[in-house]
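Asks: Curious how this folds, go ahead:
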Amino acid sequence: MTSALILVEPESATRGFLERHLRQDGFEVFEAGDVEALELAGWSRPDLVLAADSLALELCRRVGDVPVIVLGRQDSDAVDRVRAFAGGCDDYLTRPFHYEELLARIRAVLRRYAPPERDRIEVGGLEIDLAARRVLVGGSPVILAAKEYDLLVKLAGDPARVFTKEELLREVWDFRSLGRTRTLDSHASRLRRKLSAAGGDFVRNVWGVGYSLVNEST
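Replies: As a prediction, the model looks like this:
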């Protein structure tokens with residue numbers, strides 16, 4: 001599932017740089033120059049907050065149990081870092097920083113806050129044993145290729161949601177330059193045929209948008 005990040009950064013150049021690259025890496029980014037602008041926009045609970053150190057402590061008090069990564073000033077020292085952690089932040093990165101390091105820290109913090117992974121997904125008559133990478137429809141096994149299985153798990157993780165083609169190509173195939181490709185459509189077509197042959201009509205093509213999983217029990 002796509003993680004939602006709130007970026008509270010007063011420097012417009014840094015804010016634009018981070019927003020552009022984080023979106024390219026699959027995050028949903030909501031940006032604001034300061035806390036007040038964020039609240040006026042009526043923001044909802046995010047998965048993580050990135051905040052300049054001048055705003056971070058106030059944010060930690062307002063967002064509750066949402067993880068916060070502080071982007072510290074260039075002249076910050078050990079005292080600044082200790083105060084930030086004492087105030088409730090989860091990580092601290094001093095400027096100037098490398099984007100790749102920030103990305104790794106974001107993913108590490110999100111992993112710490114992620115709920116325990118399920119070992120089994122059940123949607124209607126579809127059952128996925130994640131530990132064994134085994135798929136059953138109505139109790140009968142269905143043999144899938146590796147990417148067909150990965151696509152099915154992605155769709156089944158949030159069966160009521162329509163995933164865009166760009167999102168699926170990025171998160172299942174790790175495509176960064178999307179362009180024109182039939183990779184997703186061909187895999188989705190084969191997956192749908194295999195599930196249908198086992199007695200389940202699950203994969204739905206939402207024209208012009210992407211794919212979702214049909215829950216036969218609804």
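Asks: Could you give the number of residues near residue 13?
Replies: Counted with other CB atoms under 10 Å, residues neighbouring residue 13 total 8. Heads up, the C-betas are built off the backbone N, CA and C, glycines and all.
Asks: In three-state terms, how would it be classified?
Replies: Under DSSP: H, G, I helix; E, B strand; the rest coil, residue 13 falls in the helix class.
Asks: Over to residue 89?
Replies: Secondary structure assignment for residue 89 (three-state DSSP): coil.
Asks: count of residues packed around it?
Replies: By the criterion of other CB under 10 Å, residue 89 has 23 neighbours.
Asks: wait, doesn't it sit right on residue 72?
Replies: No - taking contacts as CB atoms under 8 Å, residue 89 lies outside contact range of residue 72: 9.8 Å.
Asks: Secondary structure element for residue 169, which one?
Replies: Here residue 169, judged by DSSP states H and E, is contained in helix 165-172.
Asks: and the residue of the chain positioned farthest from its centre, how far is that from residue 31?
Replies: The centre of the chain is farthest from one residue, residue 79, which by CA atoms, centre = their mean lies 32.8 Å away. Here residue 79 is placed at a distance of 29 Å from residue 31 (CB to CB, to the nearest Å).
Asks: cool, and residue 73?
Replies: Noted for residue 73: a distance of 19 Å to residue 31, by CB to CB.
Asks: Counting neighbours, go ahead and name the busier of those two.
Replies: Set residue 73 next to residue 31 and count neighbours by other CB under 10 Å: residue 31 wins out with 19 against 13.
Asks: so who does the more buried one touch?
Replies: Counting by CB atoms under 8 Å, 6 or more residues apart in numbering, residue 31 makes contact with 6, 7, 8, 9, 15, 19.
Asks: can you rerun that using 10 Å?
Replies: 5-9, 12, 15-16, 18-19, 22, 37-38, 41, 50 (CB atoms under 10 Å, 6 or more residues apart in numbering).
Asks: Using neighbour counts, trim these to the buried set.
Replies: 5, 6, 7, 8, 9, 15, 18, 19, 22, 38, 50 (16 or more other CB atoms under 10 Å).
Asks: Show the pLDDT at the closest residue to the fifth one other than its chain neighbours.
Replies: To tie it back to what came earlier, the one meant is residue 9. Closest residue to residue 9 apart from its sequence neighbours, by CB to CB, 6 or more residues apart in numbering: residue 15 at 4.2 Å. On the pLDDT scale, residue 15 is placed at 88.
Asks: Show me what the helix or strand containing residue 108 is packed up against.
Replies: Assessed by DSSP H and E, residue 108 sits inside helix 99-113. Applying 3 or more CB pairs under 10 Å, 6 or more residues apart in numbering; DSSP states H and E, we find helix 99-113 packed against helix 12-24, strand 48-52, strand 68-72, strand 91-94.
Asks: Thanks again, I'm all set now.
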